[in-house]
Each structure stands twice: as structure tokens, then as C-alpha cells.
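# build the 3D model from these lines:
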Amino acid sequence: MNELKRKSIVSLLIMILLLFMPIASMRAMAKPSQNEVSIDDPPHLDPEKLKGTGTSAWGFRPSNAVVKAGGDVTFVNHGSLPHTVNSYTEMVQLPFLPFPTPVPDGIIDSTGGNWENPAFYIFPGSSWTLDTSVLDVGTYTYFCFPHPWMMGTLEVRESGPSEVTVNIRDGLTPGGGTGEASWGFRPTNVVVRQGESIVFTNNGLMIHTVTSGLEGEPGHGDQFDSGVILPLWLATAIGLPFLATYTLDTSTLEPGTYDYHCDPHPWMTGKVKVLPS
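Below you'll find the model as predicted:
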């Protein structure tokens, strides 16, 4: 295994460990309840489906770009998260991930070899320009290192446009958005009687939380806070499926309406309305 591939795989594994290590508490098995909420994020579907069109879909637009050799390709981040542009020639199956992951080959690299360091990513509202004079004529496949389900191709030809723009989009439409690539709690608004339970199940790919209040508001998390909820596929793989659920016991809440959000993804919001018992 060459050094570049080894570094790529080690970096990917470290990202997975950092993503899934901070489990706040061991939760008890969820009690049966008629009140259930599904937590969804874009990768909860087949990654192939995330390549569709629409403002709520993740991806590079156009996903297949053509440029004249020596021309410039400018990648503009229109999303709400930092992204990268890393070419790859092979994919590996990493532990626990449900789909093969591309391995950066270093030919095209918006981070300058620092793909494991978010400080070098393309931030929302910014751009990165690729000078194809350093590339041979041919077709290159690339992806976003922190979001490997985002993939695209670049074809460098002898003739073609000398300036090309590729727009980077992610699924962060305000309020969760709609469509198969959207984030959110389903249903967004839940009405229960005081004393009833609500079971939240993480059907996405990433970790999530159920935290009362909204990001930045005083006292958010005071009424309830799930801690980290593992995605169901990972919790099942390690034999601890209950870590993919969180049960909110509303007997501890006064009647009223409670906003809540996901702490690492604060654009994911919902409401719980507690009626008198």
C-alpha cells in the first residue's frame, strides 16, 4: 500500500472514530409507544439517489463537466457546509460504512494535500479554481472528502470551453426542506398528552441529537437532551441497536409547546406540543 493511500484510509478511519465516539450516555431500550419520530439526513437513502437534480440534493452541478485542456474550472460552494474537491481512482470498503468510499489520489486536490484538515476546505460562499494546465487530457473522477457520497467527473479535452463553473450544493434547505435528499425530523410537529412517550429513531447515516430549544437561545437543552444518537445501521452493526433511539418521557414536562433541534446540525428542528393529561 502506497503512502498516499495509507494516509487517506487512516484519515477516513479517524473521521469515523471522531464522529461516533462521543456517546453521551447508554440509553435503555425504548418502550413501545404510538408516538414515533424518524430522524433523517441526506445519506439515509442509496447514495446513487443523491445525485439527482433539485436544490435540496447534494452534489456537484454539473456532475459531469467538460473543459478545454489548460482551461480553468471554478468550484463555487453554494451550500451551508465546507466541502472539498479530491480526485480518486479507487474505492475501499471501510469498517461499518454502508457504501464504498473513494480514496484521494492527489491528482486534483482543493486542500493542497490537507484533506483531513477542515481549515483547508472550501467554505460556504467561497470558491476554488482548478488550473487544468497541470492535467493530462482525460477523464477524472472526484468527490468531497468529508461527504464521500458527493461525486462528479471532469473531462479534460483538446477542445471545449476554457472556463467552467461547477456549483457545489448540499441538502441544507431552510427548515429541513423537502425532497428525498432533505434533513429533518419526521413528523416535524408531534402532539402528545402529558405522560406519553416519544421515540426518536436515527435512520440517517450521521450522528444526531434531540435537544430542546433552538441553537443560540438561552437555556437550550434544559428541558431535554438525548446526547448522541447513533445511526441505526451502526448501532445494529455493533450489536447495540438501542443506541439508535431516544425516548422522551413527557411526564417531566409541563403542558406547552417545545422547540427542539439537532445539536451538530442545528438547521434540523421540530416541535413537541404537550397537552394536559
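# C-alpha from now on. contacts and neighbour counts both.
OK.
# just for the stretch 51-200 of the chain, where's the confidence low?
51-57, 94-99, 171-182 (pLDDT under 70).
# repeat the analysis, applying 90 as the threshold.
Applying pLDDT under 90 to the stretch 51-200 of the chain flags the ranges 51-59, 63, 78-82, 91-102, 113-119, 124, 145-151, 168-184, 186-188.
# now do the helices in it.
With DSSP state H, counting those that start in this stretch, there are no helices along the stretch 51-200 of the chain.
# show me where it has strands.
59-61, 64-68, 72-77, 86-92, 101-109, 127-131, 138-144, 147-157, 163-169, 184-186, 189-193, 197-202 (DSSP state E, counting those that start in this stretch).
# in JSON lines, list these along with distance to residue 118 and mean neighbour count.
Output for the strands of the stretch 51-200 of the chain, formatted as JSON lines (distance: least, C-alpha to C-alpha, whole Å; neighbours: other C-alpha atoms under 10 Å):
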{"stretch": "strand 59-61", "distance to residue 118": "19", "mean neighbour count": "23"}
{"stretch": "strand 64-68", "distance to residue 118": "25", "mean neighbour count": "19"}
{"stretch": "strand 72-77", "distance to residue 118": "14", "mean neighbour count": "20"}
{"stretch": "strand 86-92", "distance to residue 118": "13", "mean neighbour count": "17"}
{"stretch": "strand 101-109", "distance to residue 118": "13", "mean neighbour count": "21"}
{"stretch": "strand 127-131", "distance to residue 118": "14", "mean neighbour count": "17"}
{"stretch": "strand 138-144", "distance to residue 118": "12", "mean neighbour count": "20"}
{"stretch": "strand 147-157", "distance to residue 118": "12", "mean neighbour count": "20"}
{"stretch": "strand 163-169", "distance to residue 118": "16", "mean neighbour count": "20"}
{"stretch": "strand 184-186", "distance to residue 118": "25", "mean neighbour count": "21"}
{"stretch": "strand 189-193", "distance to residue 118": "34", "mean neighbour count": "16"}
{"stretch": "strand 197-202", "distance to residue 118": "26", "mean neighbour count": "23"}
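# ok, which of the ones you listed comes nearest residue 240?
strand 197-202 (13.1 Å; C-alpha to C-alpha).
# hmm, residue 136 is touching residue 154, no?
No. Contact criterion C-alpha atoms under 8 Å: residue 136 and residue 154 do not qualify, at 11.7 Å.
# hang on, the earlier thing: redo the strands of the stretch 51-200 of the chain as TSV? Include distance to residue 228.
Converted to TSV, the strands of the stretch 51-200 of the chain look like this (distance: least, C-alpha to C-alpha, whole Å):
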stretch	distance to residue 228
strand 59-61	27
strand 64-68	37
strand 72-77	28
strand 86-92	27
strand 101-109	24
strand 127-131	33
strand 138-144	25
strand 147-157	20
strand 163-169	26
strand 184-186	15
strand 189-193	21
strand 197-202	10
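# roughly how far apart are the residue sitting furthest away from the middle of the chain and residue 224?
Going by C-alpha atoms, centre = their mean, the residue of the chain most distant from its centre is residue 277, 38.1 Å out. Distance of residue 277 to residue 224, given as C-alpha to C-alpha, to the nearest Å: 19 Å.
# rewinding a little: how about the contacts made by the residue farthest from the centre of the chain?
Taking C-alpha atoms under 8 Å, 6 or more residues apart in numbering as the criterion, residue 277 is in contact with 193, 194, 195.
# so it versus residue 191, what's the distance?
In terms of C-alpha to C-alpha, residue 277 sits 12 Å off from residue 191.
# do residue 58 as well
From residue 58 across to residue 191, the span is 32 Å (C-alpha to C-alpha).
# just checking, residue 219 touches residue 259?
No. Assessed by C-alpha under 8 Å, residue 219 is found out of contact with residue 259, at 11.8 Å.
# sweet, I'm off.
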